[in-house]
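Q: Show me how the following folds:
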Amino acid sequence: MLTAYFDDSGSHGDTKALVVCGFVSSAEQWLHFESNWRDVLAMPQFDLEHLHMKELRAGKGRFAKFKNNSGLQRDLFDRLQRVLQVRIKRTFAGAVLLDDYDRLNLEFAVSENLGPPLIMAAQLAITKLMAWREAVYAPSPIQIVVDKGIQHWGLLDDRVYERFGFRLIPAKVSNTPALQGADFAAWECHRALVEADTGKAKYWSDLRGSFRAFVDRFGVGKEMPDWFMFDEEEMRRVFELHGVPKR
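A: Sure thing, here's the model as predicted:
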């Protein structure tokens, strides 16, 4: 049995990008992962019960120690990435640049036919996951766990059922270590896209070290990980391919 866990980062109307990211591995490896992940969080210098990037960035409560302490953040992120590197088989993500989506939604009937950006990002990631599973692990059953707090959860569940014939499993980030890993990766990917889109990061070296470490650890060969993005050019191609009508 393979299990994949997905979470999102970004919000339509508030940020430049929306990302849905996750990891897939075997049931046995996820059990080891949960133990390893909790062991890292419980280390005295971190003293955390769970990881949630929004809480860490807010720097309140148990996360206050990380505020303005980049060294402690790097230590935590490096250890957690190493746990992921050892235990997971693959990572998949789908991203939508929101200004491009909004601009094309004025030209094409996107929201009515393909849905909101989160649905597009999630379906992209899950479709790539299922294609990989079919090519590499076809005999193995798979289940997909998604943060039950994301927007449009019911619509995404219906879309997955229509396409693949099974339902998503809802779970809560705070008590699901694998979803915490997905939240971590989605946040890093989202932050990198925003920095690139706004011009803050013009070169590879300008991007956060923890994001570059993700790419180094989870890339395929020397390529980027299986993280895919809908920008204006790619969206136009998909809309024409699927016959999305113009307004």
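Q: going forward, measure contacts between C-alpha atoms and count neighbours the same way
A: Fine.
Q: list the helices and strands the strand ranked longest in the chain packs on?
A: Longest strand in the chain, counting residues (DSSP state E): strand 17-26. Secondary-structure packing of strand 17-26 (3 or more CA pairs under 8 Å, 6 or more residues apart in numbering; DSSP states H and E): strand 2-9, strand 90-97, helix 117-136, helix 177-197.
Q: Swap in 6 Å and give it another go.
A: Counting by 3 or more CA pairs under 6 Å, 6 or more residues apart in numbering; DSSP states H and E, the packing neighbours recorded for strand 17-26 are strand 2-9, strand 90-97, helix 177-197.
Q: among those, which is nearest residue 33?
A: helix 177-197 (7.7 Å; CA to CA).
Q: That closest one to strand 90-97, inter-axis angle?
A: Relative orientation of helix 177-197 versus strand 90-97 (axes from the mean of the first three to the mean of the last three CA atoms, to 10 degrees): 40 degrees.
Q: so can I have JSON lines of the helices and strands packed on strand 17-26 showing distance to residue 215 and mean neighbour count?
A: Listed next are those as JSON lines, based on distance: least, CA to CA, whole Å; neighbours: other CA atoms under 10 Å:
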{"stretch": "strand 2-9", "distance to residue 215": "18", "mean neighbour count": "25"}
{"stretch": "strand 90-97", "distance to residue 215": "10", "mean neighbour count": "27"}
{"stretch": "helix 177-197", "distance to residue 215": "10", "mean neighbour count": "23"}
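Q: okay, these in JSON lines with distance to residue 75 and mean pLDDT next?
A: Formatted as JSON lines, the helices and strands packed on strand 17-26 follow (distance: least, CA to CA, whole Å; pLDDT from 0 to 100):
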{"stretch": "strand 2-9", "distance to residue 75": "22", "mean pLDDT": "98"}
{"stretch": "strand 90-97", "distance to residue 75": "22", "mean pLDDT": "96"}
{"stretch": "helix 177-197", "distance to residue 75": "14", "mean pLDDT": "95"}
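Q: Now those in a markdown table, please, with extra columns for distance to residue 160.
A: As requested, the helices and strands packed on strand 17-26 are exported to a markdown table (distance: least, CA to CA, whole Å):
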| stretch | distance to residue 160 |
| --- | --- |
| strand 2-9 | 13 |
| strand 90-97 | 15 |
| helix 177-197 | 19 |
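Q: and of these, who's closest to residue 244?
A: That would be strand 90-97 among these, by CA to CA, at 16.9 Å.
Q: so what's residue 93 up against?
A: Applying CA atoms under 6 Å, 6 or more residues apart in numbering to residue 93 gives the contacts 20-21, 125, 227-228.
Q: Quick check: the gap between it and residue 47.
A: Using CA to CA, to the nearest Å, one obtains 29 Å as the distance from residue 93 to residue 47.
Q: can you check residue 10 too?
A: As judged by CA to CA, residue 10 and residue 47 stand 27 Å apart.
Q: Neighbour count for these two, which is higher?
A: residue 10 (21 against 14; other CA atoms under 10 Å).
Q: Is there a neighbour count for residue 61? I'd like the number.
A: Other residues close to residue 61 by other CA under 10 Å number 9.
Q: per-residue confidence at it?
A: Note on residue 61: pLDDT of 93.
Q: out of the helices and strands packed on strand 17-26, nearest to residue 67?
A: Among these, helix 177-197 sits nearest to residue 67 (CA to CA), with 16.7 Å.
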